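Visitor: Quick one, structure for this:
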Amino acid sequence: TSRAQDAGLIRDILREAIVDNFAIGPGEVILGQEITQRRVHSVNSLSHATGLNRWRLYRLMRKAGMIPETDDAAAFNQWVFPANEGERLVARVANSVPLNKVQHVLGCSKTQAEVLAQHRLITSVTPIADDQIGQTWGQFNRDDLEAFKDEVFQDTRHHTAESEDFVSLTAAVTGKSSTAEILQWQLGGQLRGTRLLNGVRRLDHLRFDRQAILSLAKDRRGSDLNRVTLVATILGISPKSVNKLLKVKSSGPRLSPAAASAIADLQGTAYVSTAEIERFLSEYITLALVARQVGRHFTSVRRELNSAGIVPATDASSLGARIYRRVDVAAFIASQGMQTSVPTNIGKTRPSTLFSAIKP
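Guide: Below you'll find the model as predicted:
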């Protein structure tokens with residue numbers, strides 16, 4: 001107090017520490033300065049801001065990995081998390097449906113929706129354990145489901161009449177394949193000519209070439225070439241990030257596209273060979289795959305990696321994805337009681353085999 005005129009810098013540092021670690025909202029005055037933007041939320045402050053029941057929000061934040069697995073009352077007001085991430089999560093959950101409602105959004109049966117969730121073709125906003133897949137589990141965001149439909153329907157042709165040579169998803173599966181496998185083929189561009197009856201964007205309006213299904217079913221190895229959308233699914237990043245990896249010329253994380261001569265007869269302009277994906281995954285691992293490996297939400301894993309001084313192999317902002325060297329995260333994964341593993345037989349086996357290799 002005797003040297004108040006010299007305390008400005010210390011006061012600024014202390015104010016920054018307070019707003020970074022306490023649920024301070026806009027309009028509050030901290031050490032003589034009004035705060036204009038909230039940086040972190042607690043369960044209590046986010047509950048007050050959104051009107052969401054704090055016990056429900058508490059369980060949601062635990063599932064999302066934003067607060068620790070604790071029953072301590074401190075979880076409500078002392079544990080904090082980034083305000084924008086918490087608000088975005090609540091908004092995405094508010095725009096979500098449980099698994100028993102997914103059928104109405106996608107236009108499929110309850111069983112088919114459950115299969116899609118089991119094989120991670122659709123994913124819940126909050127993680128759900130594999131042995132807990134059930135009709136009321138999960139929060140499946142409507143925008144994510146619409147994006148999935150966009151990918152499935154993008155190369156379909158509109159037809160107004162049924163044909164014996166083109167069959168529904170249910171008929172295509174019977175005795176030949178599985179719902180997950182056929183939709184993986186569709187997403188991977190292996191089922192050219194798929195029809196959409198009357199142009200209605202529902203899975204039960206898809207009509208698949210019967211002979212193409214039979215041909216693919218005879219050779220479970222599938223295609224050795226993978227479309228960008230399928231590579232994105234395998235790596236747990238966006239198609240835009242995959243395209244950026246294909247354009248990288250320098251050292252570090254990068255993917256080499258298949259030769260133009262190899263894809264001359266295929267739809268689309270960019271494919272990645274199975275061998276190239278396996279090479280990439282032998283050296284690198286994405287944040288999504290680390291989170292999937294340890295069974296935690298990616299935001300929680302990202303914070304812990306940052307705290308441990310583990311940084312991506314290259315600037316994450318340039319790729320739109322966090323990609324780490326496997327050797328750098330091996331110790332972190334081991335500390336979670338897991339062993340780092342590299343998916344095998346990518347593109348050559350049923351989708352269930354691929355995803356079981358990736359998940360813990």
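Visitor: Report the central residue of the protein.
Guide: Centroid-nearest residue in the chain: residue 236, 5.5 Å away (criterion: C-alpha atoms, centre = their mean).
Visitor: Tell me how many other residues crowd residue 46.
Guide: 26 (other C-beta atoms under 10 Å). The way it works is simple: take the backbone N, C-alpha and C, and place the C-beta from them, glycine included.
Visitor: so which strand or helix has the closest residue to it other than its chain neighbours?
Guide: Counting by C-beta to C-beta, 6 or more residues apart in numbering, residue 46 lies nearest to residue 86, which is 5.2 Å off, once chain neighbours are set aside. Using DSSP states H and E, residue 86 maps to helix 83-94.
Visitor: Same check on residue 208?
Guide: Assigned by DSSP H and E, residue 208 belongs to strand 206-209.
Visitor: could I get that strand in CSV with only the CA atoms?
Guide: Extracted in CSV, the C-alpha atoms of strand 206-209 (Å, rounded to 0.1, in the frame of the first residue of the first chain):
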residue,chain,number,x,y,z
LEU,A,206,-30.5,-46.1,-50.9
ARG,A,207,-30.4,-48.7,-53.6
PHE,A,208,-27.1,-50.6,-54.1
ASP,A,209,-25.9,-52.4,-57.2
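Visitor: For the very next helix or strand once past that strand, the averaged confidence score.
Guide: Using DSSP H and E, the helix or strand that follows strand 206-209 towards the C-terminus is helix 210-218. Across helix 210-218, pLDDT averages out at 82.
Visitor: Show me what helix 210-218 packs onto, helices and strands only.
Guide: Packing partners of helix 210-218 (3 or more C-beta pairs under 8 Å, 6 or more residues apart in numbering; DSSP states H and E): strand 166-167.
Visitor: tell me what the strand it packs on is packed against?
Guide: On a contact count with 3+ C-beta pairs under 8 Å, 6+ apart, strand 166-167 meets strand 206-209, helix 210-218.
Visitor: circling back to that earlier point, and the strand holding residue 208, what does it pack onto?
Guide: Counting contacts by 3+ C-beta pairs under 8 Å, 6+ apart, strand 206-209 packs against strand 166-167, helix 169-173, helix 179-187, strand 195-197.
Visitor: May I see the buried residues of the longest helix anywhere in the chain?
Guide: Ordering each helix of the chain by length in residues (DSSP state H) puts helix 8-21 first. Buried positions in helix 8-21, judged by neighbour count with 16 or more other C-beta atoms under 10 Å: 15, 19.
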